[in-house]
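Asks: sequence first, predicted model second:
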Amino acid sequence: MTVTRGLEGVVATTSSISSIIDDTLTYVGYDIDDLAKNASFEEVIYLLWHRKLPNAEQLSELKQQLSENAALPPEVIAHFNMYPIQKVHPMAALRSAVSLLGLYDDEADLMDAEANYRKAIRLQAKMPAIVTTFARVRKGLEPIAPRQDLSFAANFLYMLTGKVPEAIAVEAIDKALVLHADHELNASTFTARVCVATLSDVYSGVTSAIGALKGPLHGGANEAVMKMLTEIGTLENVEPYIHDKLEKKEKIMGFGHRVYRQGDPRAKHLKEMSKKLTELTGEPQWYDMSVKIEAIVTGEKKLPPNVDFFSASVYHSLGVDHDLMTPIFAVSRVSGWLAHILEQYENNRLIRPRAEYTGPGMQKYIPIEQRG
Ligand SMILES: CC(=O)SCCNC(=O)CCNC(=O)[C@H](O)C(C)(C)COP(=O)(O)OP(=O)(O)OC[C@H]1O[C@@H](n2cnc3c(N)ncnc32)[C@H](O)[C@@H]1OP(=O)(O)O
Ligand SMILES: O=C([O-])CC(=O)C(=O)O
């Protein structure tokens, strides 16, 4: 048996959703640079689920379906008061809330393609309300119901803050959602596919994926980046801080990638946004520190920033609590998970690799009274 640690380079499935070839990322053949400049998140959802861009009528129908399904069942709203919310990480809360949502969906275990698509809409639509309701309840604030006249990105900010957001904030969140929507067979998407390949249900697939995204080597890195920036504190402290970490062989969060070698094409869009937003908020230090870290880590370690690096200062500038950064990633990535889940169901085979056994050889069972 040949073991490929971390399955690096192993091609585990075919997929027509997104591709990474020579450091270029495409969704269904559309370059991420093109989509980041031109597409709304709702268009991207349609693209990932239907493998084509929507026309105006199809887009408006999807928007309406998302709006109509955006509110949470009252039982799910109520459950946020049933656990020690201050002590809970929002990704753990999101994981549990998605699982709970499945209990209130009459079609949860219905496995035909139309029912699965309807569940995809309901789940995608409700993700912002889960994150924002959690965020408000833990601050002792009332949850805010979604508005049907706002875009997906605007509604997210509205439900978080209670105010109709400014255009620049909507643009930033919308672009971030577009950039995070799908990424080939990343760890959380693979997790979702492994789960539903047992013919388990959509809610189980997404719940598993949220668990995988939570870790700091994957989606959790954006929160870890903000923690690092906060610890560094000043521009002068960047160099000693980063050198100390590198000397201790510690990882610098937001850098490196399993697939990209020259750089993550999404990072430049977030970098641009970070510059703009940190200037607007009068806190350019977050961008300046980030740029200095980037220069050291790319210069000395030849590791370019990934999608999580500049997203940290972008979300911080929008006033987002630092531990909500990974949940925002999930609000976007659920579109990709759902696309992959539906694709897996279309041509399913159980995913079950092998392990090379490294434990002891054959042993004889010893009765407990004879064991030392
Ligand atoms: C949305 C996303 O998931 S993007 C990724 C988000 N994660 C992060 O930003 C966390 C920091 N980065 C990392 O941990 C890694 O680069 C990963 C997890 C993204 C990729 O991991 P892998 O492909 O398994 O690479 P691996 O961890 O084996 O690193 C290879 C080498 O580069 C080094 N390296 C990789 N990333 C970093 C980093 N961020 N800082 C310092 N060194 C690093 C490793 O220490 C290792 O060095 P060695 O060969 O001397 O031991
Ligand atoms: O593809 C990966 O390994 C991680 C990543 O960048 C993502 O999921 O967006």
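Replies: All right, it came through fine. Ligands and ions are numbered 1, 2, ... in the order given.
Asks: now the helices: where do they sit in the stretch 1-150 of the chain?
Replies: 32-38, 41-50, 56-68, 74-79, 90-103, 113-137 (DSSP state H, counting those that start in this stretch).
Asks: and for the stretch 251-372 of the chain?
Replies: Using DSSP H, counting those that start in this stretch, the helices of the stretch 251-372 of the chain run over residues 267-280, 285-301, 307-317, 325-346.
Asks: thinking again about what came up before, would you list the helices of the stretch 1-150 of the chain in CSV and tack on distance to ligand 1, mean pLDDT and mean neighbour count?
Replies: C-beta: built from backbone N, CA, C; applies to glycine. Listed next are those as CSV, based on distance: least, C-beta to the nearest ligand atom, whole Å; pLDDT from 0 to 100; neighbours: other C-beta atoms under 10 Å:
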stretch, distance to ligand 1, mean pLDDT, mean neighbour count
helix 32-38, 13, 98, 17
helix 41-50, 17, 98, 23
helix 56-68, 24, 98, 15
helix 74-79, 27, 98, 14
helix 90-103, 13, 98, 20
helix 113-137, 17, 98, 21
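Asks: and the ones you listed: which comes nearest ligand 2?
Replies: Closest to ligand 2 of the helices of the stretch 1-150 of the chain is helix 32-38 (C-beta to the nearest ligand atom; 10.7 Å).
Asks: what about the closest one, near ligand 2?
Replies: No. Legend: contact between helix 32-38 and ligand 2 by C-beta under 6 Å from any ligand atom is lacking; minimum distance shown is 10.7 Å.
Asks: quick one on the thing from earlier: columns mean pLDDT on top of the helices of the stretch 251-372 of the chain, output as TSV?
Replies: Shown next, in TSV, are the helices of the stretch 251-372 of the chain (pLDDT from 0 to 100):
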stretch	mean pLDDT
helix 267-280	98
helix 285-301	98
helix 307-317	98
helix 325-346	98
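Asks: ranking these by burial, who's on top?
Replies: Ranked by mean neighbour count, these are led by helix 307-317 with a mean of 28 (mean count of other C-beta atoms under 10 Å).
Asks: what lies in contact with that one?
Replies: Applying C-beta atoms under 8 Å, 6 or more residues apart in numbering, the set of residues contacting helix 307-317 from outside is 172, 176, 179-180, 183, 219, 221-226, 229, 253-255, 264, 266-267, 270-271, 273-274, 277-278, 280-281, 283, 286-287, 290, 294, 322, 324-325, 328-329.
Asks: check those against ligand 2, which are close?
Replies: Applying C-beta under 6 Å from any ligand atom to these, one finds that His183 fall near ligand 2.
Asks: how about the stretch 251-372 of the chain: which residue is closest to ligand 2?
Replies: When scored by C-beta to the nearest ligand atom, the stretch 251-372 of the chain has Arg258 as its residue closest to ligand 2, at 4.7 Å.
Asks: write out the residues of this protein neighbouring ligand 2.
Replies: Residues of the chain lying close to ligand 2 (C-beta under 6 Å from any ligand atom) are 183, 186, 258-259, 306-307.
Asks: buried among those? Need that as a selection in ChimeraX.
Replies: Burial among the residues of the chain next to ligand 2 is assessed by 16 or more other C-beta atoms under 10 Å; the matching ChimeraX selection reads:
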select :183,186,259,306,307
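Asks: dump the residues of the chain next to ligand 2 to JSON lines, plus distance to Leu59.
Replies: Below are the residues of the chain next to ligand 2 laid out as JSON lines (distance: C-beta to C-beta, whole Å):
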{"residue": "His183", "distance to Leu59": "23"}
{"residue": "Asn186", "distance to Leu59": "26"}
{"residue": "Arg258", "distance to Leu59": "33"}
{"residue": "Val259", "distance to Leu59": "30"}
{"residue": "Asn306", "distance to Leu59": "30"}
{"residue": "Val307", "distance to Leu59": "25"}
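Asks: can you tell me which of the residues of the chain next to ligand 2 is nearest Gly6?
Replies: Arg258 (7.4 Å; C-beta to C-beta).
Asks: without its sequence neighbours, what residue ends up closest to the closest one?
Replies: Glu8 (6.6 Å; C-beta to C-beta, 6 or more residues apart in numbering).
Asks: distance of the one you found relative to Ser18?
Replies: For Glu8, the distance to Ser18 (C-beta to C-beta, to the nearest Å) stands at 19 Å.
Asks: and the two? Which one has more around it.
Replies: Taking other C-beta atoms under 10 Å, Glu8 and Ser18 do not tie; Ser18 has more neighbours (24 against 8).
Asks: surely that one and Leu25 touch.
Replies: Yes. Using C-beta atoms under 8 Å, Ser18 makes contact with Leu25 at a distance of 6.8 Å.
Asks: got any residues that touch both of the two?
Replies: Common contacts of Ser18 and Leu25, defined by C-beta under 8 Å, 6+ apart, comprise His183.
Asks: end to end on stretch 77-91, go ahead and measure it.
Replies: 16 Å (C-alpha to C-alpha, to the nearest Å).
Asks: I misspoke; the intended subject was stretch 318-327.
Replies: For stretch 318-327, the first-to-last residue distance is 15 Å (C-alpha to C-alpha).
Asks: can it be said to contact ligand 1?
Replies: No. Counting by C-beta under 6 Å from any ligand atom, ligand 1 has no neighbours in stretch 318-327; the shortest distance is 9.5 Å.
Asks: distance of Glu300 from Ser313?
Replies: Glu300 is 21 Å from Ser313, where distance means C-beta to C-beta.
Asks: I misspoke; the intended subject was Glu184.
Replies: Separation of Glu184 from Ser313 (C-beta to C-beta): 26 Å.
Asks: now Phe156
Replies: 19 Å.
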